[in-house]
Each structure stands twice: as structure tokens, then as C-alpha cells.
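Undergrad: just the structure for this:
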Amino acid sequence: MDDGKFSEILDDGPDAPDLPPVLREMLHEQIFTLLKRNLMMGRFAPGQRLPLRGLAKTLGTSLMPVRDALQRLESIGCVVSTPNRTMMVPTLSIKQLVDIRTLRMLLEGSAAERAAQERTKEELDRLQRHCDNIERSADTHNLDLFLEANYDFHMTIAESSRLDFITNLLEPLWMRIGPVVRQSKPDQAHIRKAVKYHLLAFEAIKANKPAEAAEAIRNDILECNRM
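TA: Below is the predicted model of the structure:
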């Protein structure tokens, strides 16, 4: 719809819809979602500074939505403030990393178990595409493709589980672990191991085998995230 026609709708007499202003809120949410996804996919490194002006310039926006997004991320502990008030990706201790792995095994194992019972044909197709992309990332040594496909695979399983609040619980864990995965620079052998477990999980979910799906995901998390 062009601007002229849109204006005609808004000016169409006394019964014209009273639309609330949403652009500002949408922009703030878009910036938050973008930064959140980049953390989960390992596009930032542990200890990396996130200067407000630099991010705003890169994103092509004003300071306010970026500041708002960083403050929201700080409130859930996924970024931290330095003494000079610059935000930074936190560096985690070995215990914190082990605890995140334990929580992921519990949550994602349960999600895989439920996904084997609840998944749809469309979700199976998506899981297959993500598996294909992970395998292609191993063949082409493409770390960015691996990180994206790996994240999408796990989150599709979570979505397929129909467990309420599961993504709300998993996303903060992934925002903390994503930068660590990037820093570890998984090699081809690591990615091949992930391919194996992801295919096992996919086949179990496809075949309605909950216990096998849960085991494959837990092994993937355990074996591919050894400290």
C-alpha cells in the first residue's frame, strides 16, 4: 500500500481507526532481538566491549534503542557494565559453564523428549534443513553457518516441544554460552561430532522415540561442550 492510500484510510471520516504509535516500540524490540540473537549465535566474544555509539552506528539507529536493549540484556545478566560504564560480554568461570551445560541438558533433553511426541511435519522439515546446513558447514569449514544452523536446530526442537516458557528459559543460557562457543573455534572434528548427534536426534524425533531423542540431545550438549 502506498503512502497516499494509507493516508486516505486514516482520514476516512470520524470513524477512522485510532491507531497507537508503534514505530518506536517496534524499533526498540527489533534492536533488542537482533543483539540477543547475535549473542546466542556467538557473534560476540567473551570480554568484548559493546560501545553504545559504535553499535548505534553499525545498526544505523539512534543511541536510545541501543541503550534500552543493552540495559535489558544487563538486567538478565547477559551483558555487564564496566567501571567506565561501557557494556561488555561477560567472561564466565568454569563452574558457570558447567552449570549452564547441566541446565541445558535438563531442559533441552526434556524438550527433545516432548518434541518426539508433538512435532509437526513442517517442524520436521525445518529440522532436516538445519541438519543439512550443519553438515554443509563441516564440508565448507563455515563457522558462521554452523553457529546459526546449530542454534536454529536446538530452538526448533524447543518450539516443537510445546512446553510453555521453554524458550524464555533457554535464551538466557544460550546468550551466555554463544560467545564461548565462538571463542573456542570449533574445528571440523567438533562439527562432525555435532552432525552425528543432531542426525540421531532428528531421526528419533521423526520416529516418535522420545527417550532416544532426549539421549541424543544430551550427548550432543555433553560431548560438544566439554570444559
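
Undergrad: domains for this structure, by residue range?
TA: 20-88, 94-223 (automatic domain parsing).

Undergrad: once you drop chain neighbours, what's closest to Phe153?
TA: Once flanking residues are discounted, Phe153 sits nearest to His130: 3.9 Å by CB to CB, 6 or more residues apart in numbering. The C-beta positions use only the backbone N, C-alpha and C, and glycine is treated the same way.

Undergrad: just checking, that neighbour touches Met155?
TA: No. Using CB atoms under 8 Å, His130 is not in contact with Met155, being 9.3 Å away.

Undergrad: before we move on, back to that, in a markdown table: the domains of the chain, plus mean pLDDT.
TA: Shown next, in a markdown table, are the domains of the chain (pLDDT from 0 to 100):
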| stretch | mean pLDDT |
| --- | --- |
| domain 20-88 | 89 |
| domain 94-223 | 95 |
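
Undergrad: columns mean neighbour count on top of these, output as JSON lines?
TA: Listed next are the domains of the chain as JSON lines, based on neighbours: other CB atoms under 10 Å:
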{"stretch": "domain 20-88", "mean neighbour count": "15"}
{"stretch": "domain 94-223", "mean neighbour count": "18"}
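
Undergrad: list the contacts of the residue nearest to Phe153.
TA: Ala149, Asn150, Asp152, Phe153, Thr156, His198 (CB atoms under 8 Å, 6 or more residues apart in numbering).

Undergrad: closest to Val79 out of those residues?
TA: For the contacts of His130, the residue nearest Val79 by CB to CB is Asn150; the value is 21.8 Å.

Undergrad: what's the separation between Leu92 and Met26?
TA: 32 Å (CB to CB, to the nearest Å).

Undergrad: tell me where this protein has helices.
TA: 3-10, 23-40, 52-59, 63-75, 94-118, 121-140, 143-160, 166-184, 188-206, 210-223 (DSSP state H).

Undergrad: mind putting these into JSON lines with distance to Met87?
TA: Formatted as JSON lines, these follow (distance: least, CB to CB, whole Å):
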{"stretch": "helix 3-10", "distance to Met87": "37"}
{"stretch": "helix 23-40", "distance to Met87": "10"}
{"stretch": "helix 52-59", "distance to Met87": "7"}
{"stretch": "helix 63-75", "distance to Met87": "5"}
{"stretch": "helix 94-118", "distance to Met87": "19"}
{"stretch": "helix 121-140", "distance to Met87": "30"}
{"stretch": "helix 143-160", "distance to Met87": "22"}
{"stretch": "helix 166-184", "distance to Met87": "13"}
{"stretch": "helix 188-206", "distance to Met87": "30"}
{"stretch": "helix 210-223", "distance to Met87": "28"}
